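1. Predicted structure and sequence below. I'll ask about it afterward.
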Amino acid sequence: MKNILVLLIVLAQTTLAFAQPPAETSTVYFTRASALGALINFTYFDGEEAIGKFNGLGYFVYECEPGKHLFWARSENKSFVEAELQAGGTYLIDVVPKMGGLKASVRLIPVDVSDYKMKKIQKLVTKQEARTFSEEKLAEIQTDMAEVIARGMENYEKMQEKGKDVKQLSPEMTITEDDLVFVKKSKK
């Protein structure tokens, strides 16, 4: 009986972790599958709203309204992704740290699973729980990052004025549960 209960709990957790979002929302996975610059915190935003902050390997799942979004991350630099999300869609942005001298920078990459190396991301999502942030923690980040947010939005506006390209996450770049699951290939 105890084994059946444990199995049911594990199945419920797995189902919840990969449950499709309600049709009226969109879901975005932010994955940091590289250990490079593991001690450096990256802070994540949806426009002017703080949505997460962590260092090292990990990922978080962000649910939001469908439509247009400006996702960005901050470290020593800022990296932006313009997104157009469809209702019920699930998307993936890979967070890639880069080291240069004593500085760490961040690069957000909107993932098209048809031509992206997914192995590290799949291992990460399969082996770890998603990071979560309480409303209180997000409010604290929002307050602490007020000036950073203002500068980040100014940076984005300047990029727009100069006609610089911003990476795009388009509505058709959805992912499925299977795209995130690591399956060890058997040796022949």
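-> Arrived safely. Numbering: from 1, shown residues only.
2. Which parts of the protein are helices?
-> Taking DSSP state H as the test, the helices found in the chain are 2-17, 119-127, 135-144, 146-161.
3. now the shortest one: mean pLDDT?
-> The reference is to helix 119-127. Across helix 119-127, the average pLDDT comes to 94.
4. Centre of the chain to it, how far?
-> 13 Å (C-alpha atoms, centre = their mean, to the nearest Å).
5. So which elements touch that helix?
-> strand 26-32, strand 58-64 (3 or more C-beta pairs under 8 Å, 6 or more residues apart in numbering; DSSP states H and E). For the C-beta atoms, the positions are set from N, CA and C on the backbone; glycine is no exception.
6. Contacts only, for the residue lying closest to residue 182 once chain neighbours are set aside.
-> In this structure, residue 182 finds its nearest non-sequential neighbour in residue 122, 3.6 Å apart by C-beta to C-beta, 6 or more residues apart in numbering. Going by C-beta atoms under 8 Å, 6 or more residues apart in numbering, residue 122 touches 179-183.
7. The closest residue to residue 72 other than its chain neighbours: how many residues sit nearby?
-> In this structure, residue 72 finds its nearest non-sequential neighbour in residue 80, 4.5 Å apart by C-beta to C-beta, 6+ apart. Other residues near residue 80 come to 18 when the count uses other C-beta atoms under 10 Å.
8. thinking residue 80 is in contact with residue 108, fair?
-> Yes - the criterion here is C-beta atoms under 8 Å, and residue 80 meets it with residue 108 at 7.1 Å.
9. top of the contacts of residue 122 by neighbour count?
-> Top of those by neighbour number is residue 180, holding 21 neighbours under the definition other C-beta under 10 Å.
10. roughly how far apart are that one and residue 158?
-> Applying C-beta to C-beta, to the nearest Å, the value for residue 180 to residue 158 is 35 Å.
11. Same question for residue 125.
-> 35 Å.
12. And the two? Which one has more around it.
-> Taking other C-beta under 10 Å, residue 125 and residue 158 do not tie; residue 125 has more neighbours (24 against 10).
13. Which positions in the lengthiest strand in the chain come out as buried?
-> The longest strand of the chain (DSSP state E) is strand 90-100. Neighbour-count burial for strand 90-100, counted by 16 or more other C-beta atoms under 10 Å, picks out 90-98.
14. Tell me, how many residues neighbour residue 82?
-> By the criterion of other C-beta under 10 Å, residue 82 has 18 neighbours.
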